[in-house]
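J.: Let me see the structure of the following:
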Amino acid sequence: MSTPHPARGLAGSIQRVTASALGPYQSAVIRIGFSATFLLFLLRELPHRHEMYGPDAPWHWDLARQLISGNQAFTTLMWSDSTIWFETVYALALLSSLLLMLGWHTRAASVVFMAGVLSLQNRSIFMGDGGDNVIHLMAIYLVLTRCGQVWSLDARRARRREAAARAGQEAGGRLVPGEPAGIVLWVVLGAVLVGAAVAGGLGGTVWLPLLLWCLWIGQGAWWAVNRYAPRNEFRTLLDVIANLAHNATLVVIMAEVCLIYATAGWYKIQGSRWQDGTALYYPLKLEYFTPWPALSDLLASSGVMVMVLSYATVIVQVAFPFTLFNRRVKNVLLGAMICEHAGIALLLGLPFFSMAMIAADAVFLPTAFLVWLGRRVTTGRERLFRRRLGRVPAPRAAADGPEAPEPGGDGSHTLVG
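T.: Below is the predicted model:
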């Protein structure tokens, strides 16, 4: 049997990386997971928002302004110390989290989501923990991904537009469904960007203004090409750039997750409490980390269980980056880490940290499992509607197939979608 020429293998890999946005289901889970985590966090802290990030915070507005003048961080909450402005920013952060989770104009929603995360977290940097740091990073990464290819309102709109085009229901040159909202979003975000740039409200760093301007100009060019020259070579170039950015960002996310676990595991190895297997005992005895005192006492009373869980935590975290090229072992350790974070949420009362880490772990979940999970969720939703409405819901187009057209299809993108 002849072996393929190395050049062909390399050419095929390059073509795959540039011709498609890989990991559509993994990126969708990351989008849904992190936006849902931040949305639930904001809702839980709604009664305490003024004390955490607003006018009643111990780290008050003048102190925050002094700190930001030194670290050059970005936060829209420094544009004004008005309570009305704070409520507006908080409401926009809530709304953008919801829209990003649903996948409505994901590119624009991801930018506003990033602005909301950075604004609140950089306003009071001493309020965060490890989970907040992960959300902070992933909010930046999400704006570079094409995370609305599946399981999103954008994907559903693209399917309907394709179906209408095949049926001959769209007249040439007419705005496709969803474009007016995209145009309005692009104009509004552009006006905000211009105003913030003129007023010097984008922080003292270079990367953030450059990223925002590139995204805004790129989305405008994307819409213009899709509207007036959908088969032009420039359209292909824009697709290649978007795919490269998406795929490179997925690699960065995977490297980030591996780095988090590797550093956590190796630091644990150096600790005497982890070496003797008693590290888990101490947080189980802290009142702040025991939402279920009876359950924590039961686990802490078993020295064998404490030792096994302490050693297992270190082993899984240290070993995981080395198992990425063995699918079976990787999946086993991935399931163990997800169970570990679920246990942290239950036993230590850190649900949002656990949700953030599980969402980050999802980048390594097998596509077959995610497709199966999506079908089960769809089936369950249809059964629920059938019971509530007493009728069978209308069949969904391509229910078991891909939820978005392949990149490069005509008319598959809106202005900021």
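J.: where in the stretch 1-150 of the chain is pLDDT low?
T.: 1-8 (pLDDT under 70).
J.: helix or strand for residue 328, which one?
T.: helix 327-347 (DSSP states H and E).
J.: ok, now residue 185?
T.: Following DSSP H and E, one finds residue 185 within helix 179-199.
J.: Give me the packing partners of the helix or strand that the helix holding residue 328 is followed by, helices and strands only.
T.: Next in sequence after helix 327-347, counting helices and strands by DSSP H and E, comes helix 351-361. Using 3 or more CB pairs under 8 Å, 6 or more residues apart in numbering; DSSP states H and E as the contact test, the elements touching helix 351-361 are helix 24-44, helix 130-142, helix 233-269, helix 327-347. Every residue, glycine included, has its C-beta placed from N, CA and C.
J.: With just CA atoms, put helix 351-361 into CSV.
T.: Only the C-alpha atoms of helix 351-361 are listed here, as CSV (Å, rounded to 0.1, in the frame of the first residue of the first chain):
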residue,chain,number,x,y,z
PRO,A,351,-20.7,27.0,42.0
PHE,A,352,-19.5,29.7,39.6
PHE,A,353,-15.9,28.7,39.9
SER,A,354,-16.9,25.2,39.1
MET,A,355,-19.2,26.2,36.2
ALA,A,356,-16.3,28.3,34.7
MET,A,357,-13.9,25.4,34.9
ILE,A,358,-16.4,22.9,33.5
ALA,A,359,-17.1,25.2,30.6
ALA,A,360,-13.4,25.5,29.9
ASP,A,361,-13.0,21.7,30.1
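J.: Please enumerate residues in contact with that helix?
T.: 29-30, 32-34, 36-37, 40-41, 129-132, 134-135, 138, 253, 256-257, 260, 334, 337-338, 341-342, 344-345 (CB atoms under 8 Å, 6 or more residues apart in numbering).
J.: So how do I select the buried members of these in ChimeraX?
T.: To isolate the buried ones among the contacts of helix 351-361 in ChimeraX, judged by 16 or more other CB atoms under 10 Å, type:
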select :29,30,32,33,34,36,37,41,131,132,134,135,138,253,256,257,260,334,337,338,341,344,345
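J.: got the helices and strands packed on helix 351-361 as CSV, with distance to residue 161 columns?
T.: Below are those laid out as CSV (distance: least, CB to CB, whole Å):
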stretch, distance to residue 161
helix 24-44, 18
helix 130-142, 24
helix 233-269, 16
helix 327-347, 36
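J.: So which of those is the most surrounded?
T.: Among the helices and strands packed on helix 351-361, helix 24-44 has the highest mean neighbour count (mean count of other CB atoms under 10 Å), at a mean of 22.
J.: ok, then the element right after that one?
T.: helix 49-52.
J.: For residue 78, the count of nearby residues, please.
T.: By other CB atoms under 10 Å, 19 other residues sit near residue 78.
J.: what about it, distance to residue 134?
T.: 24 Å (CB to CB, to the nearest Å).
J.: Kindly report the same for residue 33.
T.: Distance of residue 33 to residue 134, given as CB to CB: 11 Å.
J.: in the helix holding residue 185, what counts as buried?
T.: 179, 181-183, 185-186, 189-190, 192-193, 196.
J.: For residue 99, find the nearest of the helices and strands packed on helix 351-361.
T.: Between residue 99 and the helices and strands packed on helix 351-361, the shortest gap by CB to CB is with helix 24-44, which sits at 8.3 Å.
J.: Neighbours of residue 355, how many?
T.: With other CB under 10 Å as criterion, residue 355 counts 23.
J.: swap in the one 5 residues further on?
T.: Neighbouring residues of residue 360 were enumerated by other CB under 10 Å; the total is 25.
J.: And residue 46, by the same measure?
T.: 10.
J.: Report the contact partners of it.
T.: Under the criterion of CB under 8 Å, 6+ apart, residue 46 has no neighbours.
J.: Roughly how far does it sit from residue 377?
T.: 28 Å.
J.: Relative to residue 332, how far out is the residue nearest to residue 342 when sequence neighbours are not counted?
T.: Leaving aside its chain neighbours, residue 342 sits nearest to residue 354 (6.4 Å; criterion: CB to CB, 6 or more residues apart in numbering). Taking CB to CB as the measure, residue 354 falls 19 Å from residue 332.
J.: quick one on the thing from earlier: quick check: which of the helices and strands packed on helix 351-361 is nearest to residue 224?
T.: It is, among these and with distance given as CB to CB, helix 233-269, at 9.4 Å.
J.: which outside residues touch the next helix-or-strand element following the closest one?
T.: Sequence-wise, the next helix or strand downstream of helix 233-269 (DSSP H and E) is helix 272-275. Contacts to helix 272-275, defined as CB under 8 Å, 6+ apart, come from residues 268-269, 279, 282, 310, 314.
J.: got the CA positions of helix 272-275 in PDB?
T.: Presented in PDB, the C-alpha positions along helix 272-275 are these (Å, rounded to 0.1, in the frame of the first residue of the first chain):
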ATOM      1  CA  SER A 272       3.200  19.300  52.500                       C
ATOM      2  CA  ARG A 273      -0.500  19.000  53.100                       C
ATOM      3  CA  TRP A 274      -1.000  17.600  49.600                       C
ATOM      4  CA  GLN A 275       2.000  15.300  50.000                       C
END
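J.: what's the spacing between that helix and its chain's center?
T.: 34 Å (CA atoms, centre = their mean, to the nearest Å).
J.: Which strands or helices does the helix or strand following it pack on?
T.: For helix 272-275, the following helix or strand on the C-terminal side (DSSP H and E) is helix 293-300. Secondary-structure packing of helix 293-300 (3+ CB pairs under 8 Å, 6+ apart): helix 303-319, helix 327-347.
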